[in-house]
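K.L.:
Here is a sequence with its predicted model. Questions after.
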Amino acid sequence: MSDPAVSDSWSQVTSALEEDSRVTPRQMGHVYLASPQGLIGNTLLLAVPNETTRETLQGPQVSGALTDALTAVFGHEVLLAISIDSSLNAPTPPRSADAASSRAQLPAEDLDVDARRPASERTRHHEPSSPSAHGQGEKRSEATGPSSSDRGRDEHRQDRPDSRPVAGAGAPTPGPPSTSTETSRLNERYHFDSFVIGSSNRFAHAAANAVAEAPAKAYNPLFIYGESGLGKTHLLHAIGHYARRLYPGLRVRYVNSEEFTNDFINSIRHDEGASFKQVYRNVDILLIDDIQFLADKEATVEEFFHTFNTLYNNNKQVVITSDLPPKQLSGFEERLRSRFEWGLITDIQPPDLETRIAILRKKAEAEGLFAPPEVLEYIASRISTNIRELEGALIRVTAFASLNRQDVDIQLAEHVLKDLITDDDVHEITPELILHATAEYFDLTMDELTSKSRTRTLVTARQIAMYLLRELTEMSLPKIGQELGGRDHTTVIHADRKIRELMAERRTIYNQVTELTNEIKRKQRGH
Ligand SMILES: Nc1ncnc2c1ncn2[C@@H]1O[C@H](COP(=O)(O)OP(=O)(O)OP(=O)(O)O)[C@@H](O)[C@H]1O
């Protein structure tokens with residue numbers, strides 16, 4: 001299936017390896033088993049028949065030699081993505097210990113999260129990653145070294161013998177109607193290379209990578225759960241982006257379960273059941289976010305059950321996120337919950353301090369915000385649970401400094417965050433509280449705030465309300481849109497971005513957001 005030019009280049013690579021004294025004849029035997037599948041940008045896709053061969057190619061000796069040979073043949077650095085294709089039906093490789101058949105049971109550290117990187121980079125950690133690295137392969141960033149705590153917490157599931165469907169071909173065959181980013185609904189901000197790995201999310205990240213590299217073969221379904229704002233949505237989008245880059249033409253669809261519900265209800269209302277099925281059952285990867293919102297919506301759950309079955313039976317990948325593990329998900333029939341357990345279940349925990357600092361550093365880089373390390377550390381030490389709030393704090397601190405032409409230092413950070421962070425955040429901030437406080441602050445009625453009117457004050461008030469709902473609550477984008485007069489989730493994304501930018505440019509907006517936040521926090525504390 002590879003194009004002749006790539007096959008030719010791969011032969012040159014193998015010839016170079018034959019001459020390389022670092023590669024033993026036994027290892028060379030494994031190299032011969034690899035089959036080039038194509039070149040996407042700087043990434044060469046290789047299929048190998050089993051895990052042993054993959055491990056050999058990624059071992060320190062062979063990978064070093066491979067990196068050099070690839071660079072020599074292609075004239076530039078080339079990343080490798082290695083997938084396992086059991087249909088290559090290779091002769092039994094020399095090492096018989098069978099790691100191959102039990103990949104789903106490997107510990108997190110053993111998962112192949114690094115296959116896509118040149119071997120020379122695999123041992124480097126703590127490196128800064130450029131925000132423009134998208135075109136260079138999905139680079140990972142690392143906050144901390146491997147932690148043994150990963151294993152105890154992560155749940156591996158292999159309840160059914162067929163939980164790893166093995167399709168005939170190596171790479172999924174790209175189906176004709178490719179999904180554009182628009183129809184796949186992937187958010188450009190969320191790639192693997194902007195995701196910081198720490199012990200709290202290492203396993204989920206590794207599993208997400210494996211799924212993107214071998215859709216419907218690694219783990220199906222992949223079920224990721226964890227509290228709000230810890231990166232589940234980020235990983236879902238990253239899977240979609242990476243898989244589409246590895247397999248152009250792959251049909252990917254991201255959907256929040258509230259949108260799934262709305263689409264389903266509308267399809268019934270408009271008698272468009274067939275087109276609903278067409279959209280959701282003809283994808284190679286379905287990424288469904290916040291499945292808990294489907295709870296108790298009987299007809300929608302039923303529809304999702306059939307969608308799931310169709311996709312699963314056709315060897316299509318399903319990735320699901322939720323705030324709770326399947327067993328604790330109420331409002332779903334057992335037959336569906338048990339399906340969620342067929343593949344791999346993994347959680348994401350709140351990040352440790354080091355990871356939080358690394359996340360802030362990455363966000364600052366990506367958004368062009370400057371804050372010295374001690375300020376990042378200060379912010380990270382004050383906000384520990386929700387990454388969305390962590391980002392919000394960074395934005396406020398840098399915005400304040402920019403408006404006042406001051407340097408970002410600890411005093412300034414303390415000043416800005418003193419009201420934002422309270423030790424007695426015991427009560428939940430409700431959407432109603434935010435909406436009422438916003439209406440009151442701008443001297444509007446609730447009807448005006450949620451109306452279609454687009455006068456300047458109303459637009460600003462609405463956008464600030466959306467920004468605060470995003471930062472201070474666990475609401476999903478569609479839900480926020482719904483609260484503010486039935487607006488689309490893209491309007492909420494736009495508002496969030498707009499207010500982030502305006503806070504650094506216009507003092508009035510910064511003040512309004514700050515005063516309003518303080519007011520909300522004050523009301524929340526019941527003063
Ligand atoms: N490990 C990480 N590295 C970089 N950014 C992260 C990481 N984890 C979370 N984030 C960022 O935190 C924000 C919130 O993450 P995300 O929306 O993915 O959380 P979530 O778990 O899906 O929350 P919810 O359940 O409320 O939908 C996003 O901007 C995301 O990019």
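P.N.:
That came through fine.

K.L.:
use CA for all of it now, contacts and neighbours both
P.N.:
Noted.

K.L.:
what about the residue lying closest to Leu420 once chain neighbours are set aside, helix or strand, and which?
P.N.:
Among residues not flanking Leu420 along the chain, Asn518 sits closest, at 6.7 Å (CA to CA, 6 or more residues apart in numbering). For Asn518, the host element (DSSP states H and E) is helix 507-524.

K.L.:
now do Ile345
P.N.:
strand 344-348.

K.L.:
near the ligand, which residues of the stretch 101-250 of the chain?
P.N.:
194-197, 227-234 (CA under 6 Å from any ligand atom).

K.L.:
ok, now with 5 Å
P.N.:
Residues of the stretch 101-250 of the chain lying near the ligand by CA under 5 Å from any ligand atom: 195-196, 228-234.

K.L.:
partners of the strand holding Ile345 in the sheet?
P.N.:
If you go by DSSP bridges, strand 344-348 pairs up with strand 222-226 (parallel).

K.L.:
Could you list the residues in contact with the strand it pairs with?
P.N.:
Residues from elsewhere that reach strand 222-226 (CA atoms under 8 Å, 6 or more residues apart in numbering): 204, 207-208, 211, 232, 318-325, 340-341, 343-349.

K.L.:
After that strand, which helix or strand is next? Please name it.
P.N.:
helix 232-246.

K.L.:
Report the rounded mean pLDDT for that following helix.
P.N.:
Mean pLDDT, computed over helix 232-246, is 96.

K.L.:
go on, stretch 315-332?
P.N.:
Across stretch 315-332, the average pLDDT comes to 94.

K.L.:
residues of it that come out buried?
P.N.:
For stretch 315-332, the neighbour count (16 or more other CA atoms under 10 Å) marks 315-326, 329, 332 as buried.

K.L.:
For the residue nearest in space to the middle of the chain, give me its contacts.
P.N.:
Against the mean C-alpha coordinate of the chain, by CA atoms, centre = their mean, the closest residue is Leu235 at 1.3 Å. Neighbouring residues of Leu235 by CA under 8 Å, 6+ apart: 190-192, 195, 205, 208.

K.L.:
The protein against the ligand: which residues are in contact?
P.N.:
195-196, 228-234, 359, 387-388, 474.

K.L.:
Take those and write them to TSV, including neighbour count.
P.N.:
Shown next, in TSV, are the residues of the chain next to the ligand (neighbours: other CA atoms under 10 Å):
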residue	neighbour count
Phe195	24
Val196	25
Ser228	21
Gly229	20
Leu230	20
Gly231	24
Lys232	25
Thr233	23
His234	18
Ile359	26
Ile387	21
Arg388	18
Glu474	19
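
K.L.:
State the pair within these that is farthest apart.
P.N.:
Spanning the widest gap among the residues of the chain next to the ligand are Val196 and Glu474, at 21.0 Å by CA to CA.

K.L.:
Just the endpoints, please. Distance across stretch 472-488?
P.N.:
End-to-end distance of stretch 472-488 (CA to CA, to the nearest Å): 20 Å.

K.L.:
still on that earlier bit, roughly how far is the strand holding Ile345 from the heart of the chain?
P.N.:
13 Å (CA atoms, centre = their mean, to the nearest Å).

K.L.:
That strand - what's its average pLDDT?
P.N.:
93.

K.L.:
For it, list the C-alpha coordinates in PDB.
P.N.:
What follows is strand 344-348 as a C-alpha-only set of coordinates in PDB (Å, rounded to 0.1, in the frame of the first residue of the first chain):
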ATOM      1  CA  LEU A 344      -9.700   0.200  28.400                       C
ATOM      2  CA  ILE A 345     -10.700   2.400  31.200                       C
ATOM      3  CA  THR A 346      -8.300   5.100  32.500                       C
ATOM      4  CA  ASP A 347      -8.700   8.100  34.700                       C
ATOM      5  CA  ILE A 348      -7.100  11.500  34.900                       C
END
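
K.L.:
Would you indicate which residues of it are buried?
P.N.:
Buried, per 16+ other CA under 10 Å, within strand 344-348: 344-348.

K.L.:
For stretch 282-290, what is the distance to the chain centroid?
P.N.:
For stretch 282-290, the distance to the chain centre is 13 Å (CA atoms, centre = their mean).

K.L.:
Which strands and helices lie in contact with the host helix or strand of Ala465?
P.N.:
For Ala465, the element it lies in under DSSP H and E is helix 456-472. Helix 456-472 is packed against helix 387-403, helix 431-441, helix 446-449, helix 477-483, helix 489-505, with contacts defined by 3 or more CA pairs under 8 Å, 6 or more residues apart in numbering; DSSP states H and E.

K.L.:
Output those as CSV; include the columns mean pLDDT.
P.N.:
CSV is the format used below for the helices and strands packed on helix 456-472 (pLDDT from 0 to 100):
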stretch, mean pLDDT
helix 387-403, 92
helix 431-441, 94
helix 446-449, 93
helix 477-483, 89
helix 489-505, 89
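
K.L.:
In CSV: these, plus distance to Thr310.
P.N.:
Below are the helices and strands packed on helix 456-472 laid out as CSV (distance: least, CA to CA, whole Å):
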stretch, distance to Thr310
helix 387-403, 35
helix 431-441, 37
helix 446-449, 42
helix 477-483, 26
helix 489-505, 28
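
K.L.:
Show me the one of those that comes nearest Glu365.
P.N.:
helix 387-403 (11.6 Å).

K.L.:
Next secondary structure after that closest one?
P.N.:
helix 410-420.

K.L.:
helices or strands up against the host helix or strand of Ile268?
P.N.:
Ile268 belongs to helix 257-269 when elements are defined using DSSP H and E. Using 3+ CA pairs under 8 Å, 6+ apart as the contact test, the elements touching helix 257-269 are helix 273-281, helix 298-313, helix 477-483.

K.L.:
List the buried residues for it?
P.N.:
For helix 257-269, by 16+ other CA under 10 Å, it's 257-261, 263-265, 267.

K.L.:
for stretch 70-78, same thing?
P.N.:
The neighbour-count check on stretch 70-78 (16+ other CA under 10 Å) flags 70, 73, 77-78 as buried.

K.L.:
State the distance from the residue nearest to Leu420 to Tyr441.
P.N.:
11 Å.

K.L.:
Isn't the residue nearest to Leu420 up against Val416?
P.N.:
No: using CA atoms under 8 Å, Asn518 makes no contact with Val416, being 11.0 Å away.

K.L.:
Between these two, which is the more surrounded one?
P.N.:
Applying other CA atoms under 10 Å to Asn518 and Val416 shows that Val416 carries more neighbours, namely 20 against 16.

K.L.:
what stretches of this protein score poorly on pLDDT?
P.N.:
Applying pLDDT under 70 to the chain picks out residues 1-2, 39-43, 83-184, 419, 421-427, 527.

K.L.:
Export only the CA atoms of stretch 399-418, formatted as CSV.
P.N.:
Taking C-alpha atoms only, stretch 399-418 is exported to CSV below (Å, rounded to 0.1, in the frame of the first residue of the first chain):
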residue,chain,number,x,y,z
ALA,A,399,-3.4,41.1,31.6
PHE,A,400,-3.1,43.3,34.7
ALA,A,401,0.6,43.7,34.2
SER,A,402,0.1,44.6,30.6
LEU,A,403,-2.6,47.2,31.3
ASN,A,404,-0.5,48.8,34.0
ARG,A,405,2.8,48.5,32.2
GLN,A,406,4.2,46.7,35.2
ASP,A,407,6.5,43.7,35.3
VAL,A,408,4.9,40.4,36.2
ASP,A,409,6.2,39.6,39.7
ILE,A,410,5.1,37.9,42.8
GLN,A,411,3.6,41.0,44.4
LEU,A,412,1.6,41.8,41.4
ALA,A,413,0.4,38.2,41.2
GLU,A,414,-0.5,38.2,44.9
HIS,A,415,-2.4,41.4,44.4
VAL,A,416,-4.4,40.2,41.3
LEU,A,417,-5.2,36.8,42.8
LYS,A,418,-6.0,37.8,46.3
